[in-house]
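Engineer: quick one: sequence plus predicted model below, questions after.
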Amino acid sequence: MNDRYDAGYGDGPYELAGYDEYGRPVYQQVPAGQPFQAQQDPQAHQAQAQAQAYDPYAQQQGYGYDPYAPGQQPPASGYDPVPQQSGYDSGQHSGHGPGPQPGAYGSYGSQVPYDPYATGTQDTTGHDPYGQAATTGRQPRVAEQTAYIPQQAGPAEDRHTAEETDPATPEPDYRTEQFAFVEEPDGDSEDVIDWMKFTENRTERREEARRRARSRLIALLVVLALVTVAGVGYLWYAGKLPGLSSSDGKDGTTTPAAAQKRDVLVVHLHNTAQGGTSTALLVDNTTTKQGTTVLLPNSLALTGDDGSTTTLAKSVDDDGTSGTRDQLDTVLGTDIQGTWRLDTPYLQNLVDLVGNIEIDTDTDVPDPDTKKKGAAPLVHEGRGQTLSGRMAVAYATYRAAGESPNAQLERFGQVMQGVLRKVSSEPSSATTTVQTLAQILDPPLTDKDLGSFLARLADLAKNGAYKTALLPVGADGTLSAQTGDSVVKDILGGAAKSPDAGSAVRVSVRNATGVKDDLEKARVVLLNGGFTFLEGGSAAGTEATSEVVYADAADKANATEVAKTLGLPAGSVTKGGVSSGADVSVVLGGDYTPSAS
């Protein structure tokens, strides 16, 4: 192998001086006239062998690095696979065309790679296309310096080695940092970025929390609106909406009270042990879904079959159920469908069948079967008292000394409402309860009709759509205009038609017994007897005997009937002056004994 040839860069030839650590050949100029001596340095031969073994462009097949092949990286040595135009002459030199030829070397001693795509005739002098020096022939002369080919700088040691090997090599005019495209991380900038990320994350969390809070608030408002609408709708449907008339229909229109549909049943409680009756109307308003117990005082003036004036109590005793029902329809303008006679033993059984009742009692009630003084009361006063059948009967019929008859009537209403709250809302079950009583009902009322009616009222009582009202009655037993508006018209949907007060015997009563309660008891007895009661007040002193006085001979028979009704002897009836506006005057004396009624 000839390691000496004329490179065309100077006046004399060059010879191979060795190889650097990257396998690149290093040449030095031989002075003119000095024979060439091949290097015998074993390290040089080793470097030459490494250079021959290392081919930066070699692949397993074909030529080396293809700049157009996908996925390949340029060689690490910094060779330019397509070198820039070098400074060759354009003429033909030893058969070469323009452009760099194989075997040429750069100004730094590095080999210029062969470009197989260069225009011109292929090398015919035997040069190695991979940069090996040719063994024969001369290379064409080129300009003073070939085109500059940038190469990647190696470590500092490599640069020093190259300088020591070839001192004539000029210093490159580029730096490695010119090709550094990745910026060095700045600590301050990273802190700023971290702070910005933290601030952004905290802001996003706050915004997300606000969005969730707004969503929860909107959902809560929607639920509250739905609940409010549902509640108002239910109250409107049930006729319980405050501010609206109880006669409001479901279609938004107001149904007149007289046009509302009602089912009415009259119940008479007969005290079989002590005597006397208590009457109430059970009303089911199917239009407004409202149930009511209307308490009727015994002093209510009615018109008898013969056109005379009588009282409710007297009508129940004399005319029975059917006659009293017709008279009530006439006075109240109602349409009563049936009559339920409820004797006190059946009331006791009814309370026991439904499993006792719970009511708020207003007084202590003594045991009627115990005459011993100081005995414990059968019924205690208080809220939420549980009453058995026997206790319920005692409370419903109790009237304390000095109390008005209405006090006892209101206790009866409490017991009836307590029973309705315990009766089953199922018609079949309620009918079974009625049949278990084994009582005989007055026609046309049947067990099934009564059971279904009580079941509907029980449903209203359990839902809070039930109330009790007392029918106000004047001293003479007649109904006032206020009474007709508050109870008769609104609850019963009727019209008050009290009989003419002049048709009844007017009795004026003055109390001279010294007992205040005797006047009230006499009033009840007279009203129940069909008389018109006129209060004469209380005398300053007491009288030993009672007097019944009439002024007109035509009223003698009436005076005799008054004495009999009050339990006074027939000798107490005399003719004399009477109070103004009265047909008969009565003075109650010490011989007057109030009846139990």
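Structural biologist: Structure's in. What do you need?

Engineer: and residue 30, what pLDDT?
Structural biologist: Predicted confidence (pLDDT) for residue 30: 65.

Engineer: show me the domain layout of this structure.
Structural biologist: According to automatic domain parsing, the chain comprises the domains 1-174, 257-500, 505-588.

Engineer: right, and residue 278 touches residue 393 too?
Structural biologist: No. Judged on CB atoms under 8 Å, residue 278 makes no contact with residue 393 at a distance of 11.4 Å. C-beta: built from backbone N, CA, C; applies to glycine.

Engineer: what's near enough to touch the residue nearest to residue 379 when sequence neighbours are not counted?
Structural biologist: Counting by CB to CB, 6 or more residues apart in numbering, residue 365 is the residue found nearest to residue 379 once chain neighbours are left out, at 3.8 Å. Contact criterion CB atoms under 8 Å, 6 or more residues apart in numbering gives 377-379, 391, 394-395, 398 as the residues in contact with residue 365.

Engineer: top of these by neighbour count?
Structural biologist: Counting neighbours by other CB atoms under 10 Å, residue 395 comes out on top of the contacts of residue 365 with 25 neighbours.

Engineer: do I have it right that it meets residue 411?
Structural biologist: Yes. Contact criterion CB under 8 Å: residue 395 and residue 411 qualify, at 5.6 Å.

Engineer: among the contacts of residue 365, which ones are in helices?
Structural biologist: With helices identified by DSSP state H, the entries of the contacts of residue 365 that belong to them are 391, 394-395.

Engineer: including pLDDT and distance to residue 345, could those residues go into a markdown table?
Structural biologist: As requested, these are arranged in a markdown table below (pLDDT from 0 to 100; distance: CB to CB, whole Å):
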| residue | pLDDT | distance to residue 345 |
| --- | --- | --- |
| 391 | 96 | 14 |
| 394 | 95 | 13 |
| 395 | 96 | 16 |
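
Engineer: looking at those, which one is closest to residue 372?
Structural biologist: Here the nearest of the ones in helices among the contacts of residue 365 to residue 372, counting by CB to CB, is residue 394; it sits at 15.8 Å.

Engineer: how much space is there between the closest one and residue 375?
Structural biologist: Distance, residue 394 to residue 375, by CB to CB, to the nearest Å: 13 Å.

Engineer: what sits closest to residue 436 if chain neighbours are left out?
Structural biologist: residue 353 (5.9 Å).

Engineer: for the one you found, give me the pLDDT.
Structural biologist: For residue 353, pLDDT reads 95.

Engineer: and the strand or helix carrying it, what does it pack onto?
Structural biologist: Secondary structure here is read from DSSP states H and E; on that basis residue 353 sits in helix 344-354. The criterion is 3 or more CB pairs under 8 Å, 6 or more residues apart in numbering; DSSP states H and E, and the helices and strands that helix 344-354 contacts are strand 262-270, helix 389-396, helix 405-422, helix 427-437.

Engineer: pull up the pairing partners for the first one, direction included.
Structural biologist: So that's strand 262-270. strand 277-285 (antiparallel), strand 338-343 (parallel) (DSSP bridges).

Engineer: residues in contact with it?
Structural biologist: With CB under 8 Å, 6+ apart, strand 262-270 has contacts from 277-287, 316, 321, 324-325, 328, 334-344, 347, 396-397, 412, 416, 445, 450, 453, 456, 492-493.

Engineer: if any of the residues you listed are buried, give me the ChimeraX selection for them.
Structural biologist: Remark: buried members of these, expressed as a ChimeraX selection using 16 or more other CB atoms under 10 Å:
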select :277,278,279,280,281,282,283,284,285,287,316,321,324,325,328,334,336,338,339,340,341,342,343,344,347,396,397,412,416,445,450,453,456,492,493
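
Engineer: run through the stretch 1-150 of the chain and note the low-pLDDT ranges.
Structural biologist: Low-confidence segments of the stretch 1-150 of the chain, defined by pLDDT under 70, span residues 1-14, 30-150.

Engineer: recalculate using a threshold of 50.
Structural biologist: Along the stretch 1-150 of the chain, the model assigns pLDDT under 50 to residues 1-11, 38-40, 51, 53-54, 56-65, 72, 76-150.

Engineer: tell me which element residue 586 is part of?
Structural biologist: In this assignment (DSSP H and E), residue 586 forms part of strand 584-588.
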